[in-house]
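Chemist: structure of the sequence below:
(2 chains)
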Amino acid sequence: DGGITQSPKYLFRKEGQNVTLSCEQNLNHDAMYWYRQDPGQGLRLIYYSQIVNDFQKGDIAEGYSVSREKKESFPLTVTSAQKNPTAFYLCASSIASGTNYGYTFGSGTRLTVV
Amino acid sequence: AQSVTQLDSHVSVSEGTPVLLRCNYSSSYSPSLFWYVQHPNKGLQLLLKYTSAATLVKGINGFEAEFKKSETSFHLTKPSAHMSDAAEYFCVVSDTGTYKYIFGTGTRLKVLA
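Modeler: Numbers count the residues shown, from 1 in each chain, chains lettered A, B, ... in the order given. Predicted structure coming up:
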């Protein structure tokens, strides 16, 4: 079955550590996205990529980094510069960046700072 | 700039009664509108979408939504709630030609037995 796989499901980070969240899709989608979800705030866009080897900052990119070396993969690194990283992170993809295509979402990674 | 407002953060209904989740949008151009559902600790699943075709849109699991331009609304309805409908629902707006989806803050639906 085609879909998006996020791993790990739960992740714990110590203060000052960088951690990387994995996102892999086998849908042959060009566009991929990372969102952060906090209670009562909906989803906020961190980074997005419209095509391989290209990505742009979203609304809350500070303290995060991404890469898009392969079409299937769009990993997100939460750096030590992100002061409040505890949240639920969702990866999504769409056929192409554009408004008429719905997103397919992964099942999320819950990151907790310990 | 486009925006979306979900008017209720929590809605409770009894099983078998109708569901109404309200969404108002603001958009300078002809919008695309979506409803997504999220069960606890899961990703979001697309329920339905409006992309300037029929104003009454039917989705999965018996949900439907009506696009009303004069009221700038896109409310989600279901005739009869089921226990499995308990989840969080997000209304999303996006303008033609842009990449960005704007998510509402969500409505948590509780279904009482």
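
Chemist: and the residue nearest the centre of the chain?
Modeler: Picked chain A for this. By C-alpha atoms, centre = their mean, chain A has its centre lying nearest to A:Trp34, at 2.8 Å.

Chemist: ah, I was thinking of chain B
Modeler: Centroid-nearest residue in chain B, with C-alpha atoms, centre = their mean: B:Trp35, separated by 3.6 Å.

Chemist: and the residue of chain B nearest chain A?
Modeler: Of all residues in chain B, B:Gly43 sits closest to chain A, at 3.5 Å by C-beta to the nearest C-beta. (C-beta placed from N, C-alpha, C; glycine too.)

Chemist: that residue: neighbouring residues, count only.
Modeler: Residues lying near B:Gly43 (other C-beta atoms under 10 Å in any protein chain shown) number 20.

Chemist: just the pLDDT for the residue nearest to it when sequence neighbours are not counted.
Modeler: Using C-beta to C-beta, 6 or more residues apart in numbering or on different chains and skipping residues adjacent in sequence, the residue nearest B:Gly43 is A:Phe105, 3.5 Å away. pLDDT recorded at A:Phe105 is 93.

Chemist: distance of A:Phe105 relative to B:Leu109?
Modeler: Going from A:Phe105 to B:Leu109 by C-beta to C-beta, to the nearest Å gives 18 Å.

Chemist: where does pLDDT dip in the chain?
Modeler: No chain in the question, so chain A it is. Scanning chain A for pLDDT under 70 picks out A:1, A:97-99.

Chemist: wait, chain B
Modeler: Within chain B, the stretches with pLDDT under 70 are B:95-99.

Chemist: near chain A, which residues of it show up?
Modeler: Residues of chain B that fall close to chain A, judged by C-beta under 8 Å from any C-beta of the partner chain: B:9, B:31-32, B:34, B:36, B:41-46, B:49, B:51, B:90, B:94-101, B:103-106.

Chemist: can you tell me which of the residues you listed are buried?
Modeler: Buried members of the residues of chain B next to chain A, counted by 16 or more other C-beta atoms under 10 Å in any protein chain shown: B:31-32, B:34, B:36, B:42-46, B:49, B:51, B:90, B:94-95, B:99, B:101, B:103-106.
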